[in-house]
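*Asks:* Here is my input; please provide its structure:
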Amino acid sequence: MQKEATQMRQDLSERNADHAEIRSGWARRFLWICGLSLIALLGFGWTALVTAPAATVAQMIGMPPQVRSVSGSVWAGRILLEGGLVLTWQGDWRSVLRGRVGADFRLTGAQTLLEGYGYISPLRAGLRDISGRGGSDLLALMPGTVACDGQAVVAIDHAVWSRSAVQSEGRIQISESICGRSFTTPPLDLVLTHDDTDGVATLTTSDAARTLMGIARLSPDGWLKLRIEPTAVRLVPSLPTSAPTELEFQVN
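*Replies:* This is a model prediction of the structure:
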C-alpha cells in the first residue's frame, strides 16, 4: 500500500509538472504572437507615415505664405518656394536605427545652393553638415528685408536643439552688399557657438577691426535674446546709436 501511495504521488507530481510546462509553452507562444503583432502594427504605422502625401501633411500643420506648392511624400518630397527656390529631401533609413527620422536636403535657386542633413526625434532636433551659398533669392523669403546683392557662404557643422541645451558650431561669411538703391553694408562674419545650455550667434564685420554688431542667444526653452550694438547702424540706419538695443521673445 505504501508503495502504491508513493507511486500515485509521483504520478500526480509528473502530471502537474506536465500541465505547468504546457501552460508555460502557451504563455510563451502568446507573448511571441503579441510581440509579432506589435512589430507588424508599428511597421504598418511607420510605412503609412513615411508614404503619406507631403501636401496632405502640409495642409494639416500649415505652411508659411512663401510656400507655393508641396509634392511627393513625407519621406521624399519637394517644396516650391517664392522666387523659384526649390527644397527637396530624401529620407535616410539608417536614421531609423538611431530612433529618429532623418533626411538629406537640398535648397536650390538662381543664387542659392545649400545642402545638409536634418533629423528629429522625441528628444531632440537638429541640422548638420550644412554647406553652400545663399543669395538674394534666399534673403527675399524673409519678411521685411530689403533686397541685397550680397552672397553668403555657409559652413555649419551642427545646430542641435534639445530640452536641456542648444548646441551649434559653424560660420556664415557674408560679402559686402548693396541694399536697396544705394545703401552698402560691410562684409560680415556670423559665428555660431554655444555655452553650457544656450546656442550663441555673434555677428561682426569681417575686416581687420572685427567690429561687434550684435549677439543672439537661444535657450532650450525657446527664448531668444538679442543684443544689437550701436555699430549695427551700418546695417540698419534706423537703429538708435546712444546705447545697445536689447530684445527678448519666444520662438516656439
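
*Asks:* if I look at V154, how far off is A76?
*Replies:* With distances taken as C-beta to C-beta, to the nearest Å, V154 is found 24 Å from A76. C-beta here means a position set from N, CA and C on the backbone, and glycine is covered the same way.

*Asks:* Over to L218?
*Replies:* Distance of L218 to A76, computed by C-beta to C-beta: 30 Å.

*Asks:* same deal with P64?
*Replies:* Taking C-beta to C-beta, one finds P64 at 22 Å from A76.

*Asks:* Of those two, which one has the most company?
*Replies:* Counted by other C-beta atoms under 10 Å, P64 and A76 do not tie: A76 has more neighbours, with 15 against 9.

*Asks:* got a list of what the closest residue to the more buried one other than its chain neighbours touches?
*Replies:* Nearest residue to A76 in three dimensions, chain neighbours excluded: Q90, at 4.9 Å (C-beta to C-beta, 6 or more residues apart in numbering). Applying C-beta atoms under 8 Å, 6 or more residues apart in numbering, we find Q90 in contact with 75-76, 103-105.

*Asks:* Recalculate using a threshold of 10 Å.
*Replies:* 72, 75-77, 103-106 (C-beta atoms under 10 Å, 6 or more residues apart in numbering).

*Asks:* Wasn't it part of a helix?
*Replies:* No - read with DSSP: H, G, I helix; E, B strand; the rest coil, Q90 is strand and lies in no helix.

*Asks:* and it, how far is that from L81?
*Replies:* According to C-beta to C-beta, Q90 and L81 sit 18 Å apart.

*Asks:* Ok, G199 next?
*Replies:* G199 is 25 Å from L81, by C-beta to C-beta.

*Asks:* For this structure, which residues score under the pLDDT cut-off?
*Replies:* Under the criterion pLDDT under 70, the flagged ranges of the chain are 1-52, 252.

*Asks:* which residue ranges form the helices in the stretch 1-150 of the chain?
*Replies:* 2-50, 54-61, 93-97, 136-139 (DSSP state H, counting those that start in this stretch).

*Asks:* residues in contact with the closest residue to S121 other than its chain neighbours?
*Replies:* Among residues not flanking S121 along the chain, R100 sits closest, at 3.4 Å (C-beta to C-beta, 6+ apart). Shown in contact with R100 (C-beta under 10 Å, 6+ apart): 92, 119-126.

*Asks:* Buried only: go through those for me.
*Replies:* Neighbour-count burial (16 or more other C-beta atoms under 10 Å) is assigned, among the contacts of R100, to 92, 119, 124, 126.

*Asks:* Tell me how far the last one lies from M213.
*Replies:* Going back to what we said before, that points to G126. Note on G126: its distance to M213, by C-beta to C-beta, is 26 Å.

*Asks:* quick one: strands adjacent to the helix or strand harbouring S168?
*Replies:* Assigned by DSSP states H and E, S168 belongs to strand 166-174. Strand pairing for strand 166-174, determined by DSSP bridges: strand 152-162 (antiparallel), strand 188-194 (antiparallel).

*Asks:* Could you export these as CSV, including mean neighbour count and distance to M60?
*Replies:* Listed next are the strands paired with strand 166-174 as CSV, based on neighbours: other C-beta atoms under 10 Å; distance: least, C-beta to C-beta, whole Å:
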stretch, mean neighbour count, distance to M60
strand 152-162, 18, 22
strand 188-194, 18, 32
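
*Asks:* Thank you, goodbye.
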